[in-house]
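Engineer: build the 3D model from these lines:
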Amino acid sequence: MSVYIDILNGISKVILFLLSYRILYVAVGFFSTRKYPEAKRQHTYAVLIAARNEENVIGNLIESIKAQDYPGERIAVFVVADNCTDETARVARDHGAICYERSDLDHRTKGYALQYLMERIRGGFGIEAFEGYFIFDADNLLKRDFVSRMNESFDAGDKIVTSYRNTKNFSDNWISASYGIHWLRTVRFEHRARSVFHLATRVQGTGFLISNELLKNGWNYTSLTEDRAFAADAAVNGYQIAYNHEAEFYDEQPVSFRIAMRQRIRWSKGFLQAFKESGGKLFLNIFRKRSFICYDMLSVVVPLAIFSTAKKLAVYLLNIGALIAAGGTFGAFASLTAAAVWASVIGYLEGMLAAAYVFIMERKRLPPVRWHKKIWFCVTFPLFDVIGKLTLWIALFSRVEWKPIPHRSTLKISDMGK
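Structural biologist: Predicted structure coming up:
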């Protein structure tokens, strides 16, 4: 049994070595992010919003777009009211958006809705009518200079740009706070450094900009996590994915554990789909194109949490088996179990420290939170990662369908103090 344990531990050490370069991201992200010069030209943009039963929030998003300090004639807002049973389409039109209504209960992911919307734009305007395309969720709110800041990145030549994702309802409870910390941990541990090194960071569902040259063939990403599939495909094709730290928007996070689990299971299934679709291409292009971007993106799409959890459980069970075969004492069993528990405690403490780091580094952008709630949110944040690992296993062995996440916040961008 010791041979199998040695093999598993050896594989773990190899993986840790292959990912050790990411420590540099944390260090660089502490000190720096990419800065952009003032844009020389104001480009034309289309804003794409896929909305399903979002009458409560979509008007506030469109208002925040209309209130941008960027010329309104250079921004067109397009909405696809996707299988809606409420007044989403009417509200979108009342706020000045061009709205198309879609009814297709057999193809319900956001990716299919975006595909439909792109087809309507192609037929009515032409893809090249707009130089770039923003993608937002209906619950988002944009800081007044969002488009201007993203235009600086686009004008500098970046073809895909993601942005700073803040949270509308950060302090509602530990669930919404955990989501908010998660997005900002990604900013600090990934986005900032990757942008400095001109690599491809990950886009995360909303708040990103794409050049029209990537959309000449329409939107072809229809899995449960279309964003991850798109990012992986972009890396395969040699595109960098930049990050603009000054372009800030807000979105609403779940507060219900049931809704959070539903969303996380969908994400996990989508992650597995993205790995299946893109993992092989990324791996081959590491060697064919000698692409570090593909190597780095592969580290994002590989579901390492499955291997990590399975390895820990297997090593524990193999050690238990070895003790039984050797006639081990109760003390030996207790010691082995204590070591496994202590390793989990260390991992939990690391999650708490990551949350505290986010609170310290992003204190100027986070909403005011009382000190005792900050402590509570730091204590509970590691559960977000535990849930992520659990939902990966659930998704691995279950059929998952796309279901909408309800948004009820009526906050406007003026309520965010922006």
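Engineer: and Asp137, its phi and psi?
Structural biologist: phi -90, psi 160 (degrees, to the nearest 10).
Engineer: ok, now the one 5 residues further on?
Structural biologist: Dihedral pair for Leu142: phi -110, psi 130, per degrees, to the nearest 10.
Engineer: what does Phe377 give?
Structural biologist: Dihedral pair for Phe377: phi -70, psi -30, per degrees, to the nearest 10.
Engineer: could you find the closest non-adjacent residue to it?
Structural biologist: Excluding its sequence neighbours, the residue lying closest to Phe377 (Cβ to Cβ, 6 or more residues apart in numbering) is Ala177, at 4.2 Å. For the C-beta atoms, the positions are set from N, CA and C on the backbone; glycine is no exception.
Engineer: quick one: mean pLDDT for the host helix or strand of the one you found?
Structural biologist: For Ala177, the host element (DSSP states H and E) is helix 174-186. Here helix 174-186 scores 97 as its mean pLDDT.
Engineer: what lies in contact with that helix?
Structural biologist: With contact meaning Cβ atoms under 8 Å, 6 or more residues apart in numbering, helix 174-186 is reached by 165-167, 169-171, 202, 204, 253-257, 260, 354-355, 357-359, 362, 366, 369, 373, 376-377, 380-381, 383-384.
Engineer: ok, stretch 256-274 next?
Structural biologist: By Cβ under 8 Å, 6+ apart, stretch 256-274 touches 175, 179, 223-226, 228-229, 232, 254, 301, 303, 387-388, 391-392, 394-396, 398, 400, 402-403, 405-406.
Engineer: surely Lys168 touches Phe249?
Structural biologist: No: using Cβ atoms under 8 Å, Lys168 is not in contact with Phe249; the gap is 9.7 Å.
Engineer: now do the shared contacts for these two.
Structural biologist: In contact with both Lys168 and Phe249: Leu141, using Cβ under 8 Å, 6+ apart.
Engineer: SS state for the spatially most distant residue from the centre of the chain?
Structural biologist: What lies farthest from the middle of the chain is Gly327; by Cα atoms, centre = their mean that is 48.8 Å. Using DSSP: H, G, I helix; E, B strand; the rest coil, the structure places Gly327 in coil.
Engineer: can you give me the helices in the stretch 1-150 of the chain?
Structural biologist: Applying DSSP state H, counting those that start in this stretch to the stretch 1-150 of the chain gives helices spanning 2-19, 22-31, 58-66, 88-94, 110-124, 146-155.
Engineer: any idea which of the ones you listed scores lowest on pLDDT?
Structural biologist: helix 2-19 (a mean of 84).
Engineer: elements contacting that helix?
Structural biologist: On a contact count with 3 or more Cβ pairs under 8 Å, 6 or more residues apart in numbering; DSSP states H and E, helix 2-19 meets helix 304-325.
Engineer: buried sites along the helix it packs on?
Structural biologist: For helix 304-325, a neighbour-count test (16 or more other Cβ atoms under 10 Å) marks Ala305, Ile306, Lys311, Lys312, Val315, Tyr316, Leu318, Asn319, Ile320, Ala322, Leu323 as buried.
Engineer: can you give me how far it is from the chain middle?
Structural biologist: 31 Å (Cα atoms, centre = their mean, to the nearest Å).
Engineer: from the contact counts, what lies against it?
Structural biologist: Helix 304-325 sits against helix 2-19, helix 330-361, helix 382-396, with contacts defined as 3+ Cβ pairs under 8 Å, 6+ apart.
Engineer: what angle do the last one and helix 304-325 make?
Structural biologist: Pointing back at helix 382-396 there. Put simply, helix 382-396 runs at 90 degrees to helix 304-325, going by axes from the mean of the first three to the mean of the last three Cα atoms, to 10 degrees.
Engineer: in helix 382-396, which residues are buried?
Structural biologist: Pro382, Leu383, Phe384, Asp385, Ile387, Leu390, Thr391, Leu392, Ala395.
Engineer: and the fourth one, what pLDDT?
Structural biologist: Per-residue confidence (pLDDT) for Asp385: 95.
Engineer: so who does it touch?
Structural biologist: Counted by Cβ under 8 Å, 6+ apart, Asp385 has contacts Gly351.
Engineer: and it, how far is that from Leu349?
Structural biologist: Using Cβ to Cβ, to the nearest Å, Asp385 is found at 12 Å from Leu349.
Engineer: go on, the fifth one?
Structural biologist: Look at Ile387 and Leu349: by Cβ to Cβ, they are 18 Å apart.
Engineer: if we can go back for a sec, how about the helices of the stretch 1-150 of the chain in JSON lines, adding mean neighbour count and distance to His245?
Structural biologist: Formatted as JSON lines, the helices of the stretch 1-150 of the chain follow (neighbours: other Cβ atoms under 10 Å; distance: least, Cβ to Cβ, whole Å):
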{"stretch": "helix 2-19", "mean neighbour count": "12", "distance to His245": "24"}
{"stretch": "helix 22-31", "mean neighbour count": "14", "distance to His245": "10"}
{"stretch": "helix 58-66", "mean neighbour count": "23", "distance to His245": "19"}
{"stretch": "helix 88-94", "mean neighbour count": "20", "distance to His245": "30"}
{"stretch": "helix 110-124", "mean neighbour count": "20", "distance to His245": "26"}
{"stretch": "helix 146-155", "mean neighbour count": "23", "distance to His245": "9"}
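Engineer: out of these, flag the one nearest Asp139.
Structural biologist: Among the helices of the stretch 1-150 of the chain, the nearest to Asp139 by Cβ to Cβ is helix 58-66 (7.1 Å).
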